[in-house]
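Undergrad: next one to model:
(one chain, ligands or ions: 4)
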Amino acid sequence: MQVFFRGFKSKTISSQLKDGFTLNDFLLAAQQAMDFATLEETRGVRYAVVNKVLDIKHESVFATQKHLITKDCVIVVMVRLLGGSSLSETLDTIAKQELFIEMEKVPTSVKTSQKLFKTPVYIATLQALEDEKQLLQNIDCQRCVDCQAMMVNESMTSQQVCPLCDREFCFFCSRVWNPLKMQNVYNSCGNECVYETMLTFSLTPFCSRPDMMIPTHRTCPQCFNLGAYDGKCKYHTCQVCKFTFCFLCLKTKGKCEDQSAYDNRCVQTPVMQDYTMFPRLLNPGLQS
Ligand SMILES: [Zn+2]
Ligand SMILES: [Zn+2]
Ligand SMILES: [Zn+2]
Ligand SMILES: [Zn+2]
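TA: Ligands and ions are numbered 1, 2, ... in the order given. Okay, the predicted model is just below:
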């Protein structure tokens with residue numbers, strides 16, 4: 001069956017796997033598609049399918065994941081980093097670039113034809129962009145803003161160097177590493193870094209009772225979109241996923257209302273959120 005590897009520099013490469021393929025067959029296909037010189041190099045990256053990372057170290061685990069690898073699926077190849085910013089713009093830019101490249105391949109006379117959108121590689125590329133968007137929701141996944149490599153952070157520390165282009169950056173906010181302003185710690189560079197900002201807030205007086213303080217911002221517990229206090233109600237409806245929750249206790253509106261009135265203090269101090277709320281591609285046990 002045909003599968004696609006999503007390689008570095010956002011390249012989509014078609015490959016073949018026979019029925020009943022083994023881990024070894026998979027690695028050989030990966031090596032060929034990625035043009036890796038050795039099997040060691042092939043084993044030195046991570047492979048993600050439908051937001052799951054494949055275990056290429058253990059044949060028995062791999063066997064239980066094989067059903068994820070289906071005809072025409074996209075396998076995203078990710079660089080391992082052992083030592084933020086919204087990327088949807090970057091993704092759109094890539095989509096446009098690739099469309100342009102695809103159009104270049106088509107003779108001018110049929111440029112207007114719908115057919116050009118239907119080449120298998122282009123369809124796989126669109127799928128890959130979706131898959132990558134999903135991967136990037138994980139706190140341990142990021143895309144190098146210089147070389148576009150997909151990366152997975154296995155140490156969860158902020159200071160990282162892209163092994164493909166040598167860019168030194170904060171993994172979580174993608175900014176160039178600045179040793180004067182940034183700290184190499186877990187989950188953040190300590191300088192208004194993306195995820196840290198999502199977990200922190202300042203307090204402002206609640207509109208109908210100024211003695212009660214309410215957070216200015218909160219991250220939606222369901223989709224992780226950042227929302228601001230509307231100056232009225234302690235209940236907030238997320239603009240993205242429409243989840244309605246309390247800015248103080250973070251429970252759903254219904255659950256909070258069971259315990260307290262809409263203008264009452266349901267908790268003494270606002271309930272804190274922490275880094276464990278964000279999804280991760282690698283569960284901590286798999287970091288070997
Ligand atoms: Zn890079
Ligand atoms: Zn940062
Ligand atoms: Zn939401
Ligand atoms: Zn509440």
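Undergrad: switch to C-alpha atoms for all contacts and neighbour counts from now on
TA: Will do.
Undergrad: what residue spans form the domains of the chain?
TA: Taking automatic domain parsing as the criterion, the chain consists of the domains 2-80, 88-189, 201-274.
Undergrad: does any part of the longest one sit near ligand 3?
TA: No: judged by Cα under 5 Å from the ion, domain 88-189 stays clear of ligand 3, getting no closer than 12.9 Å.
Undergrad: I'd like the mean pLDDT over that domain, please.
TA: Per-residue pLDDT values over domain 88-189 give a mean of 81.
Undergrad: stretch 130-140: end-to-end distance?
TA: One end of stretch 130-140 to the other measures 17 Å (Cα to Cα, to the nearest Å).
Undergrad: next one: stretch 50-69
TA: Start-to-end span of stretch 50-69 (Cα to Cα) is 9 Å.
Undergrad: now it: buried residues?
TA: 50, 51, 52, 53, 54, 55, 56, 62, 66, 69 (16 or more other Cα atoms under 10 Å).
Undergrad: just to revisit the earlier point, want to throw the domains of the chain into a markdown table with distance to residue 282?
TA: Output for the domains of the chain, formatted as a markdown table (distance: least, Cα to Cα, whole Å):
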| stretch | distance to residue 282 |
| --- | --- |
| domain 2-80 | 7 |
| domain 88-189 | 7 |
| domain 201-274 | 18 |
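Undergrad: just so I know, which of those domains lies nearest residue 280?
TA: When these are compared by Cα to Cα, domain 88-189 sits nearest residue 280, at 4.6 Å.
Undergrad: for ligand 1, tell me whether that closest one is touching it.
TA: Yes: contact of domain 88-189 with ligand 1 (Cα under 5 Å from the ion) involves 144, 147, 162, 165.
Undergrad: measure the third one to residue 215 for me?
TA: When distances are taken as Cα to Cα, residue 162 and residue 215 turn out to be 37 Å apart.
Undergrad: gap between residue 178 and ligand 3?
TA: According to Cα to the ion, to the nearest Å, residue 178 and ligand 3 sit 32 Å apart.
Undergrad: what sits closest to the most centrally placed residue in the chain if chain neighbours are left out?
TA: The centre of the chain sits closest to residue 136, judged by Cα atoms, centre = their mean, with a distance of 1.2 Å. Residue nearest to residue 136 in three dimensions, not counting chain neighbours: residue 142, with 5.7 Å by Cα to Cα, 6 or more residues apart in numbering.
Undergrad: what lines up beside the helix or strand harbouring the one you found in the sheet?
TA: Using DSSP states H and E, residue 142 sits within strand 141-143. Paired strands of strand 141-143, with direction, are strand 150-153 (antiparallel) (DSSP bridges).
Undergrad: much appreciated, bye for now.
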